[in-house]
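**Student:** Would you be able to build a 3D model of this:
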Amino acid sequence: MSREGKHTRYMLGTMEALYFPQGIACDDKAVYVSLHRSVEKFSYPDGTRLAAHKGDKSNCFEYCSMIDGVLYAVDSRVPEILVFDKQRMIPQRKWGEKFPYPDVNDWAQPILDPPTTHFIHPVHIASHPVGVMVTDDVAWRVVRFTNDGIPVGTPIKGEHCPHATAFFNEHILLVEAGQLVVIKEDGSLLQKIRFDQPKMPQPFLPTLFCDEQAVYVIETLPRACVHKLELADPVKVLVESESISPIELEQVEIKPFDLCIIGGGMVGCCTARDVASCNFKIVLVEKEPVIGGVWAKNKYPGLRLHAPGTTYRCLSVAPKWQTSVKSSPKEGPDMTGLSYRPTQDEILQYIESLTEHPNIQVRLGSVFCHAEEMSPVMQRVICDTFTFKARTLFYANGAYEVTSGKPYMPIDVTEITNGAAVFHSSEMTSRKGEWDSATTRYIIGASKAAIDVLQTLDPGDESIVWAHRGHVIFMNRDRAFLDGVGVADKDESQKKSEQKIAGTNTMNHALKNQHFQAYDSMILGSKMGHRIGTPYHKGSIGARGGVESEAGIEHARAFLPRQRIVKMLKVADGQLMLELTDGKILIPGANDTVVMCTGQRNNMGPMYHSKCGEMNFGGTFRVLPFSGTAPMISIYFTSLIVAHLDQRPNPYSSGLLYEELTKLGEHMDKLQNRQPWAMFMSFLGGLQLDICNHIFPWVNIGAGDLSFATIWWTDWFGKDLDVRQTTIKLSTKPKE
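**Tutor:** Residues are numbered from 1 along each chain as shown. Next up is the predicted model:
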């Protein structure tokens, strides 16, 4: 390979479409390149684009290879292997079945073995005497197949995350975790060659190929180069060549981002906008084709924010539902502007507007894979569609274990075969026809979504059946949020703040230690909470319904004659069965519709609480429920991230946050009630009691939770705030 030799530049498309060209193959007439969203064909040697197989956001063509004159491509997202008609660039056949993808938080651990006919995340294909072999870097294995996709032999397990493979000198080669591994056909290890010597840095997202004399490992990051490894006779195994240094290739230097945010929900987008306003460069990675989190996933009648929209915002951009208020919130007794609750569409429009900033780059349809530390101040972030460097990393993919994440269904609807239409409330708008035409319409649940749906219905409608396990406690929207607003006297205002701090701390102490009955009694006794009726939910904690006005509670009470108290939900003989506490059984039939208002669940993993300290350390941040309001969580983290990037003193950089979170994690591990709601509420109470005061001292915000600070209803209402100046003011400890 000559540095002075002529070369042809193949124009592969715009940077928006390009992503990360990784796979390349050729025959005597054409060159083929995989570009994640497509597989492109170019003429040789002039480089004219001839044809392409185009995918969409559901595809990720990780690699392509020419094997015995046949063009193969690996789609890691579907996932499957495609065999192409090269002339028309149309897949002739495919193989590979999707393995049910588990919820994982730790990509450093392998997934349990799927069947050999299934893939989780295939990334590379190479020639093998029986046909081909494919690496699956999430299952940590290599599977051998015939050319028709029939598995041969036992999968060969890697030690780490194998990315590329090749068959060389009757051995199988794997590139994984900074080493080249030489394996015999029976799966036994022959040799490991480390890439971390001074002459050969650890390659990232590598691939490899062979000729008769040597093996070549192509490294894309941290620098573009080729490593050549030669045979050593007579041992016939690979060794690092001391005479040949890496061949440098042309590359484009990509400036590292200051912050990478994983997750495009309310917390992620608020943090992105506020940090970007401080002149930091942000990349936001979202696996879905749209941003918005739970607001983009749910759609049912009556859906809007349960609490007033006064605090549902970031610092730097006031939402239109505040700036469009005609009169000042300080003028007169009319609090319409302060108590307005934005609709789902208004919230989604606001979230989308937050990412419209020159310092923010959004990557939709990109799955975060893992990150690795390059230095104490830089991380390499690997996604399925691109790779980059970032100074800090913020996992903002779900702050709440029980109210964010995937729609939760307590039963498997695929087992229902008697014709009843059963679906989650998030599908209610799209399945409106089934709901409207049903003979009997069941609403399952008694929390936020169920009450929202009831608000749109007529209590006199005899087709409605409201089934649930008992009534929960809702925060009283008319009392809980505007307490202290409009108090002009300074001493009286100070007294109100002290009372709020003391009250919040008492309640959080009860939550942290799972004294749930005491907590429920305090909520109801203070008139900050209310119930619809009886019987009460028998779960350990009653205050889990959300937020509702007194008028909304009264409307729901009109449905009490139609309520049925459920003991158990189950599916038997193809039918959904609602076993009631009075011994009766309700079975929805072919003309009936059942809407499951059962919320969301976010699988945090068994070590989530005990590892919360180490997940917020050394340039990595993991979202935590510092508040019951998502944007307030963002502001806590924004303060820490900006101070860390500014290199100003703060509890994160000093290690104080790590220490306090570790203590809280130890406390959480000792709790007896391990149910999701109990653990979530205990964690929320512990964070507000033990952690939040270190970020924003309570005396600075005048409350135990930032969302209850009266300044949101007064000086900050409808204003775009300076993020750095505001967070410094909030976080500065008062002089004693």
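
**Student:** show me where the stretch 201-350 of the chain has helices.
**Tutor:** Applying DSSP state H, counting those that start in this stretch to the stretch 201-350 of the chain gives helices spanning 266-276, 294-297, 320-323, 336-339, 344-354.

**Student:** ok now the first one, how far from the chain's centre?
**Tutor:** Spelled out, that is helix 266-276. Offset of helix 266-276 from its chain centre (C-alpha atoms, centre = their mean, to the nearest Å): 14 Å.

**Student:** got the contact list for it?
**Tutor:** By C-beta atoms under 8 Å, 6 or more residues apart in numbering, the surrounding residues in contact with helix 266-276 are 258-259, 261-262, 282, 284, 286, 291-293, 295, 312-317, 347, 351, 354-355, 357, 359-360, 394, 396-397, 399, 623, 630-631, 633-635, 637-638, 641-642, 645, 723. Bear in mind the C-beta positions are built from the backbone N, C-alpha and C, glycine included.

**Student:** Now with 7 Å, please.
**Tutor:** 259, 261, 282, 284, 291, 293, 295, 314-317, 351, 354-355, 357, 359-360, 394, 396, 399, 623, 630-631, 633-634, 637-638, 641-642, 723 (C-beta atoms under 7 Å, 6 or more residues apart in numbering).

**Student:** Need the mean per-residue confidence for it.
**Tutor:** Helix 266-276 comes out with an average pLDDT of 96.

**Student:** what do you get for the third one?
**Tutor:** The average pLDDT within helix 320-323 is 88.

**Student:** List the buried residues of it.
**Tutor:** Buried residues in helix 320-323, defined by neighbour count with 16 or more other C-beta atoms under 10 Å: 321, 322.

**Student:** again with the second one
**Tutor:** Residues 294, 295, 296, 297 are the ones in helix 294-297 that count as buried (16+ other C-beta under 10 Å).

**Student:** The last one now?
**Tutor:** Taking 16+ other C-beta under 10 Å as the neighbour-count basis, helix 344-354 is seen to contain the buried residues 344, 346, 347, 348, 350, 351, 352, 354.

**Student:** Quick check: the farthest pair among those?
**Tutor:** Greatest spacing in the buried residues of helix 344-354, by C-beta to C-beta: 344 and 354 (16.0 Å).

**Student:** now the helices for the stretch 51-200 of the chain?
**Tutor:** Using DSSP H, counting those that start in this stretch, helices in the stretch 51-200 of the chain do not occur.

**Student:** Also the stretch 451-600 of the chain?
**Tutor:** Counting by DSSP H, counting those that start in this stretch, the helices of the stretch 451-600 of the chain are 477-480, 490-512, 516-525, 550-557.

**Student:** ok, now which ones touch residue 86?
**Tutor:** Taking C-beta under 7 Å, 6+ apart as the contact definition, residue 86 lies against residue 71.

**Student:** scratch that, residue 545
**Tutor:** Taking C-beta under 7 Å, 6+ apart, one finds 447, 448, 472, 473, 474 in contact with residue 545.

**Student:** In a markdown table: those, plus neighbour count.
**Tutor:** A markdown table is the format used below for the contacts of residue 545 (neighbours: other C-beta atoms under 10 Å):
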| residue | neighbour count |
| --- | --- |
| 447 | 21 |
| 448 | 21 |
| 472 | 25 |
| 473 | 23 |
| 474 | 29 |
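
**Student:** how about those, which pair is most distant?
**Tutor:** 448 and 473, at 12.2 Å, using C-beta to C-beta across those.

**Student:** what's the burial count for the spatially closest residue to residue 582 that is not a sequence neighbour?
**Tutor:** Once flanking residues are discounted, residue 582 sits nearest to residue 565: 7.5 Å by C-beta to C-beta, 6 or more residues apart in numbering. Applying other C-beta atoms under 10 Å, we find 18 residues neighbouring residue 565.

**Student:** Residue 568 now?
**Tutor:** Neighbourhood size, residue 568 [other C-beta under 10 Å]: 12.

**Student:** got it, and residue 660?
**Tutor:** Neighbours around residue 660, by other C-beta under 10 Å: 20.

**Student:** what secondary structure does it sit in?
**Tutor:** helix (DSSP: H, G, I helix; E, B strand; the rest coil).

**Student:** List the residues that contact it.
**Tutor:** 690, 691, 694.

**Student:** hmm, try it at 10 Å
**Tutor:** Applying C-beta atoms under 10 Å, 6 or more residues apart in numbering to residue 660 gives the contacts 612, 613, 616, 651, 686, 687, 690, 691, 693, 694.

**Student:** okay, the first one: pLDDT?
**Tutor:** We note a pLDDT of 88 for residue 612 in this prediction.

**Student:** before we move on, the earlier item: which of the buried residues of helix 294-297 sits closest to residue 366?
**Tutor:** residue 296 (15.9 Å).

**Student:** picking that back up, could you list which of the contacts of residue 545 belong to strands?
**Tutor:** The strands, defined by DSSP state E, take in residue 474 from these.

**Student:** so can I have a markdown table of the contacts of residue 545 showing distance to residue 308 and pLDDT?
**Tutor:** Shown next, in a markdown table, are the contacts of residue 545 (distance: C-beta to C-beta, whole Å; pLDDT from 0 to 100):
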| residue | distance to residue 308 | pLDDT |
| --- | --- | --- |
| 447 | 19 | 88 |
| 448 | 15 | 86 |
| 472 | 21 | 91 |
| 473 | 19 | 90 |
| 474 | 14 | 89 |
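
**Student:** Quick check: bridge partners of residue 596?
**Tutor:** Applying DSSP bridges to residue 596 gives these bridge partners: residue 424, residue 444.

**Student:** Give me the distance between the residue nearest to residue 578 when sequence neighbours are not counted and residue 564.
**Tutor:** Nearest non-adjacent residue to residue 578, counting by C-beta to C-beta, 6+ apart: residue 586, 4.1 Å away. Note on residue 586: its distance to residue 564, by C-beta to C-beta, to the nearest Å, is 7 Å.

**Student:** what touches both of these two?
**Tutor:** Joint contacts of residue 586 and residue 564 (C-beta under 10 Å, 6+ apart) are 442, 465, 467, 578, 580.

**Student:** Who wins on neighbours among those residues?
**Tutor:** residue 442 (23 neighbours).

**Student:** So it versus residue 431, what's the distance?
**Tutor:** 14 Å.

**Student:** what secondary structure does the spatially most central residue of the chain sit in?
**Tutor:** The structure's the chain has its C-alpha centroid closest to residue 397; by C-alpha atoms, centre = their mean the separation is 3.2 Å. Judged by three-state DSSP, the three-state class of residue 397 is coil.

**Student:** burial count for the residue lying closest to it once chain neighbours are set aside?
**Tutor:** Leaving out its chain neighbours, the residue that sits closest to residue 397 by C-beta to C-beta, 6+ apart is residue 263, at 3.6 Å. For residue 263, the neighbour count with other C-beta under 10 Å is 26.

**Student:** so residue 263 makes contact with residue 394?
**Tutor:** Yes: Residue 263 is in contact with residue 394 according to C-beta atoms under 10 Å; the separation is 8.3 Å.

**Student:** between the two, what contacts are shared?
**Tutor:** 271, 272, 284, 623.

**Student:** picking up where we left off before, can you tell me which of the shared contacts of residue 586 and residue 564 end up in strands?
**Tutor:** Per DSSP E, those map to strands at 442, 465, 467, 578, 580.
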